[in-house]
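[1] sequence and predicted structure below; questions after.
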Amino acid sequence: MDIRRIENKYFMKVYERSNLIVKKAKNQFLWDENGKKYLDFFSGISVCNVGHCNELVVKAAKKQMSKFIHISNLYYGSSQIKLGEELIKRTFKKGKVFFSNSGAEANECAIKLARKWGFLNPSKTGNNRYEIICFNGSFHGRTLATMSATGQKKFHKYLEPLQEKFVFAEFNNINSVEKLISDITVAVMIEPVQGEGGIFPVDKVFLKSLRKLCNDNNIILIFDEIQCGVGRTGKFYAFENYGVEPDIITLAKSLANGLPLGATIANEKYAQAFIYGDHGSTFGGNPVSCAAAFEVLKIINHKFLSNSLEVAKYLHIKLNELKKKYSIIKCIRGIGLMVGIDLMINGKDVVTRCIDRGLIINCTNDTVLRLLPPLIITKCDVDYAIKILEESLKC
Ligand SMILES: Cc1ncc(COP(=O)(O)O)c(C=O)c1O
C-alpha cells in the first residue's frame with residue numbers, strides 16, 4: 001500500500017508530514033516500516049509523557065474497554081468519577097472539573113465559564129464582563145474561539161472575522177497587561193511556558209504580579225497547561241515551579257497518554273457559575289480515556305518526577321555545551337523536559353536530518369528546535385540525542 005500517495009490524494013493538506021511511516025511505538029522509541037528504530041524526543045507533541053504503549057496505561061484502557069467504551073455523560077461511570085476526584089485533589093483545595101476531548105475544547109470550556117462568571121459578576125459600573133486578555137506568541141487551539149485567543153497572526157490568516165473580545169498583551173510585561181484592563185475584562189489567559197510560540201517560560205516576577213493584578217481587579221487567571229502540564233516541567237503542573245496558583249487550569253495532550261481527553265479544572269468560586277445545560281460533550285471524559293488517565297496520575301508520582309528532572313538537568317547541561325561549540329545556536333530555553341533550541345537559521349532541515357539519523361524532534365516558530373521527550377528517557381538517551389543533534393547541526 002502506497003501510504004504517501006493515498007494520503008496525498010484523499011487528505012486535506014493541513015499537515016506537513018515528514019516521510020516517516022510509523023509501524024510500532026514502545027516507551028521512548030518508534031520503529032518505521034523497514035524496522036529502523038528511532039529515539040522519540042517529541043512524544044507526539046508532548047502526549048506520550050509516560051512512554052508509548054505504557055504497560056499500565058494499556059492494561060487499564062483494555063480493562064475498561066472490555067466493560068464499556070461509552071455510556072454518555074447522562075449516566076455515571078466510575079473511571080471518569082475516580083479520575084475527577086484524583087485530579088481535583090492534585091489541583092485545588094476546592095474545585096470542580098469538566099472533561100472534554102482535546103486541548104481546544106478544554107480552553108473553550110474555560111472561556112465559556114469565564115464569560116458566564118463575568119455575566120453573573122458585572123463590573124462596579126454594572127457592565128457585563130466578557131473580554132479576555134491573552135498574550136502575543138500564545139497558542140490556545142484551532143477552534144474559532146481558541147484560534148481567536150491565540151496571539152499569532154499566522155493562525156488567523158484568511159479566517160477572519162475572528163471571535164471578538166480577545167485582546168493581546170506583551171508576554172512577561174505587566175504594564176502591557178495593566179493597560180488592557182477595562183470595565184469589561186473578565187479573565188487573563190496564559191501558558192506558563194509558551195509552547196507553539198517557541199518555548200518561552202513565563203518570568204516568575206511577572207507571574208506573581210499578574211496574580212496580584214487579577215486579585216486586585218476581580219479578574220480570573222486561567223493557565224493553559226495543555227502542553228506544559230502533567231509532569232513536563234518536572235512538577236505535575238508547570239505553575240508549581242512559580243508558586244503562583246491559577247483560578248482555572250486547562251489540561252489535555254498527555255493527560256491520557258495518547259487517548260483523547262481534555263480537562264478544565266476551576267476553583268469552586270468560578271466552577272459554580274455553570275449550571276445544568278450550560279456546557280456538555282458527547283465524548284468528553286470517555287471512560288477508556290479516563291481509565292488511562294487515572295493510571296497516568298498514579299505513575300507521575302514524586303519519584304517519577306525527580307528522575308525525569310535529573311535527566312532534564314543533564315539534557316540542559318549537554319545542550320549548553322553544544323551551544324558553546326556551535327554559533328548557529330542562539331539560545332537554549334525551557335524548563336524540565338520542555339526545551340527549545342533557538343537557531344540563527346530555519347530549523348526545518350535540521351529536523352529532517354535528525355529524523356533521517358534516527359532522532360525525532362520538531363521545529364516550531366521557524367527557528368526553534370523543540371524537544372519534548374517522554375519523561376522516562378535516560379541519560380544514555382540524552383547522549384544519543386546530543387550526538388545526532390550535533391551531526392545534524394554540522395550538515
Ligand atoms: C498550549 C496549548 N493549548 C491548546 C492546544 C490545543 O490542543 P488540541 O490540539 O488538543 O486541541 C495546544 C496544542 O498544541 C497547546 O499547545
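    Structure received.
[2] phi, psi for Phe168 please.
    Dihedral pair for Phe168: phi -120, psi 130, per degrees, to the nearest 10.
[3] now it. Nearest residue, chain neighbours left out?
    Gly151 (4.7 Å; CB to CB, 6 or more residues apart in numbering). (C-beta placed from N, C-alpha, C; glycine too.)
[4] and if you look at Ser308?
    Leu375 (4.1 Å).
[5] cool, Glu170 as well?
    For Glu170, ignoring the flanking residues on the chain, the nearest one in space by CB to CB, 6+ apart is Ser176 at 4.0 Å.
[6] from Phe135, how far off is that neighbour?
    Separation of Ser176 from Phe135 (CB to CB, to the nearest Å): 9 Å.
[7] okay, those two: which has more neighbours?
    Taking neighbours as other CB atoms under 10 Å, Ser176 and Phe135 compare with Phe135 leading, 26 against 15.
[8] double-check that the more buried one belongs to a strand.
    Yes - counting by DSSP: H, G, I helix; E, B strand; the rest coil, Phe135 is located in a strand.
[9] give me the neighbour count for Leu180.
    A count of nearby residues for Leu180, using other CB under 10 Å, gives 15.
[10] equivalent analysis for Val50, please.
    Summarising burial for Val50: neighbours were counted as other CB under 10 Å, giving 26.
[11] phi first, then psi, for it.
    The phi/psi pair for Val50 (degrees, to the nearest 10) is phi -100, psi 20.
[12] state the helix or strand in which the residue nearest to Phe135 when sequence neighbours are not counted lies.
    Nearest non-adjacent residue to Phe135, counting by CB to CB, 6+ apart: Phe171, 4.6 Å away. Assigned by DSSP states H and E, Phe171 falls within no helix or strand.
[13] so what pLDDT did Leu127 get?
    Just so we're on the same page, residue 127 is Asn rather than Leu. Reported pLDDT at Asn127 in the predicted model: 89.
[14] check contacts around the nearest residue to it once chain neighbours are set aside.
    Nearest residue to Asn127, sequence neighbours excluded (CB to CB, 6+ apart): Asp183, at 4.6 Å. When contacts are counted by CB atoms under 8 Å, 6 or more residues apart in numbering, Asp183 touches 123, 125, 127, 129.
[15] count the residues that sit near the second one.
    Around Thr125 there are 6 other residues, counting by other CB under 10 Å.
[16] grab the nearest non-local neighbour of it.
    Once flanking residues are discounted, Thr125 sits nearest to Asp183: 5.8 Å by CB to CB, 6+ apart.
[17] and for the first one?
    The shortest distance from Ser123 to any residue that is not its chain neighbour, by CB to CB, 6+ apart, is 4.5 Å, and that residue is Asp183.
[18] so what pLDDT did the one you found get?
    At Asp183, the model reports a pLDDT of 95.
[19] now Lys394
    At Lys394, the model reports a pLDDT of 89.
[20] just checking, Phe98 is part of a helix?
    No - assigned with three-state DSSP, Phe98 falls outside any helix and is strand.
[21] in the sheet, who's paired with it?
    Thr264 (DSSP bridges).
[22] correct me, but it touches Asp278?
    No - at 9.7 Å, Phe98 and Asp278 do not qualify as touching, with contact defined as CB atoms under 8 Å.
[23] ok, Val311 to Gly358 distance?
    Distance from Val311 to Gly358, by CB to CB: 19 Å.
[24] for Tyr38, helix, strand, or coil?
    Secondary structure assignment for Tyr38 (three-state DSSP): strand.
[25] show me the contacts for it.
    For Tyr38, the contacting residues are 20, 29-32, 355, 358-360, by CB under 8 Å, 6+ apart.
[26] enumerate the positions of the helix or strand where Asn215 lies that are buried.
    Assigned by DSSP H and E, Asn215 belongs to helix 204-216. Residues of helix 204-216 classed as buried: 206-207, 209-211, 213-214 (neighbour count, 16 or more other CB atoms under 10 Å).
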